[in-house]
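Asks: I'll drop the sequence and a predicted model, then ask my questions.
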Amino acid sequence: MFRRVALVLALTWVSSSLFAIDFTKYHSQDEIGQYLRGVATSYPELAHFYVLGKSDEGREVAYLTMTSGADSLPGIFFNGTHHGNEWSSTEALLGLVEYFVQHRNDAEVAGLLSKYVFYFQPLVNPDGHFHRTREDANGADPNRDYEYPNAPTGSQFKTKIISLMKKLIDSHHFRAAAAYHSGIEEVIWPWCYTSAPTEQKDLFYTFAKGAASAMGFSRYMQSYYDYPTDGEFIDYMFMTQGTFALTYEVSDDFTPAASQLKAIVARSVKGAMAFINAVAAHDAGHLSVESSASIVHALEFNPRWKAMGRRLE
Ligand SMILES: [Zn+2]
């Protein structure tokens, strides 16, 4: 009898343990904070939890780092929910953290953890996430508030949360970065503000095509050809540090039914790993880079997007 009770308790403990995130539901900010803190507490040799600051309404703006090497290693930064109503992007970030935790001792992930410092930030815009609004608590779009080439002086970094992001970004050298969004299924790269390609267009093409393919997506392009925008995260990252920065749009719906989450999270992790491994291969000198010549021209006119109308992502 006692033995049976003990067994039941043990099984209950395993099924509700910290590192078995239930992706049949969306997570509250309290749950997300508890999870990130729990990872840092459980693996102090690998993971650290930081509070970057507070949002306009006093919510925590936090992130987790993971590395087995020195803090000075190049950074790889994944974040979600610049836009507060794009909830699947938050969950996809949690899935990526969970993947790193689960596979920390496997050759692939252990190798990556020895070469880079990973930054994971599921909630860039916690007030928007709470109110389920695209914008911050003052109605400003956070992903239009970064500096970009040719921005009028003093016009950017007006929001509290993106000022915090600037502090974090400027504190480290980031080799690669990805901002998760939702509202369509695609992977896009800088520039957003101009149709001119970057000098790294072939690398961006190779990275984005690989990530999109891993997720089963057929859309990948320079962000401008999706639609032109000023002040996006990826333009700032590339402009200031030459960071290989991508935007992932992880699901057609901003906040899809919870029953779809598991599949969205799983493919988002695949897309992240494809990108991270490609960056590592490039740094090791053995990535085969494809020419973007054909696609950049072909995507200057984007019929599907025009047919859908300009829904903001
Ligand atoms: Zn978005």
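Replies: Arrived safely.
Asks: looking at Y225 now. What's its pLDDT?
Replies: For Y225, the pLDDT comes out at 85.
Asks: to clarify, my last question referred to L299.
Replies: L299 is given a pLDDT of 54.
Asks: next, the buried residues of stretch 236-246.
Replies: 236-239, 241, 243-246 (16 or more other C-beta atoms under 10 Å). Where you see a C-beta, it was placed from the backbone N, CA and C, and this is true even at glycine.
Asks: again with stretch 273-281
Replies: So for stretch 273-281, counting by 16+ other C-beta under 10 Å, buried means 273-280.
Asks: of those residues, which ones also sit close to the ion?
Replies: Counting by C-beta under 5 Å from the ion, nothing from these sits close to the ion.
Asks: need the residues you listed in JSON lines (columns: pLDDT and distance to N105).
Replies: Converted to JSON lines, these look like this (pLDDT from 0 to 100; distance: C-beta to C-beta, whole Å):
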{"residue": "M273", "pLDDT": "98", "distance to N105": "16"}
{"residue": "A274", "pLDDT": "98", "distance to N105": "21"}
{"residue": "F275", "pLDDT": "98", "distance to N105": "22"}
{"residue": "I276", "pLDDT": "99", "distance to N105": "17"}
{"residue": "N277", "pLDDT": "98", "distance to N105": "17"}
{"residue": "A278", "pLDDT": "98", "distance to N105": "23"}
{"residue": "V279", "pLDDT": "98", "distance to N105": "21"}
{"residue": "A280", "pLDDT": "98", "distance to N105": "18"}
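Asks: mind listing which of the residues you listed are in helices?
Replies: The helices, defined by DSSP state H, take in 273-280 from the buried residues of stretch 273-281.
Asks: quick one: which of those residues is nearest the ion?
Replies: When those are ranked by distance to the ion (C-beta to the ion), F275 comes first, at 18.1 Å.
Asks: so the closest residue to the closest one other than its chain neighbours is in which element?
Replies: The shortest distance from F275 to any non-neighbouring residue, by C-beta to C-beta, 6 or more residues apart in numbering, is to A211 (4.5 Å). Taking DSSP states H and E as the criterion, A211 maps to helix 201-215.
Asks: what packs against that helix?
Replies: Other helices and strands packing on helix 201-215, by 3 or more C-beta pairs under 8 Å, 6 or more residues apart in numbering; DSSP states H and E, are strand 184-189, strand 220-222, strand 244-251, helix 261-283, helix 293-298.
Asks: out of the buried residues of stretch 236-246, who's nearest Y35?
Replies: Y35 lies nearest to L246 out of the buried residues of stretch 236-246, by C-beta to C-beta, at 24.5 Å.
Asks: can you name the residues bridging to the closest one?
Replies: A178 (DSSP bridges).
Asks: ok, now which ones touch T24?
Replies: 258-259, 261-262 (C-beta atoms under 8 Å, 6 or more residues apart in numbering).
Asks: ok, back up a step: which one of the helices and strands packed on helix 201-215 lies closest to G111?
Replies: helix 261-283 (7.7 Å).
Asks: which helices and strands does that closest one pack with?
Replies: Using 3+ C-beta pairs under 8 Å, 6+ apart: helix 261-283 touches strand 75-80, helix 87-102, helix 107-113, strand 174-181, helix 201-215, strand 244-251.
Asks: CSV please, covering these and showing mean pLDDT.
Replies: Below are these laid out as CSV (pLDDT from 0 to 100):
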stretch, mean pLDDT
strand 75-80, 98
helix 87-102, 98
helix 107-113, 98
strand 174-181, 98
helix 201-215, 97
strand 244-251, 98
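Asks: can you pull the phi/psi pair for the residue of the stretch 1-150 of the chain found nearest the ion?
Replies: With C-beta to the ion, the shortest gap between the stretch 1-150 of the chain and the ion falls at H83, namely 3.5 Å. Backbone torsions for H83, taken as degrees, to the nearest 10, come to phi -100, psi 120.
Asks: same question for S291.
Replies: Per degrees, to the nearest 10, the backbone of S291 is at phi -80, psi 140.
Asks: list the contacts of it.
Replies: 202, 205.
Asks: distance of it relative to D202?
Replies: Separation of S291 from D202 (C-beta to C-beta, to the nearest Å) stands at 6 Å.
Asks: which residues of the stretch 151-300 of the chain lie near the ion?
Replies: For the stretch 151-300 of the chain, the contact set with the ion under C-beta under 5 Å from the ion comprises H181.
Asks: in the helix or strand where F130 lies, which of the residues would be classed as buried?
Replies: Assigned by DSSP H and E, F130 falls within helix 126-131. Neighbour counts over helix 126-131 (16+ other C-beta under 10 Å) mark 126-130 as buried.
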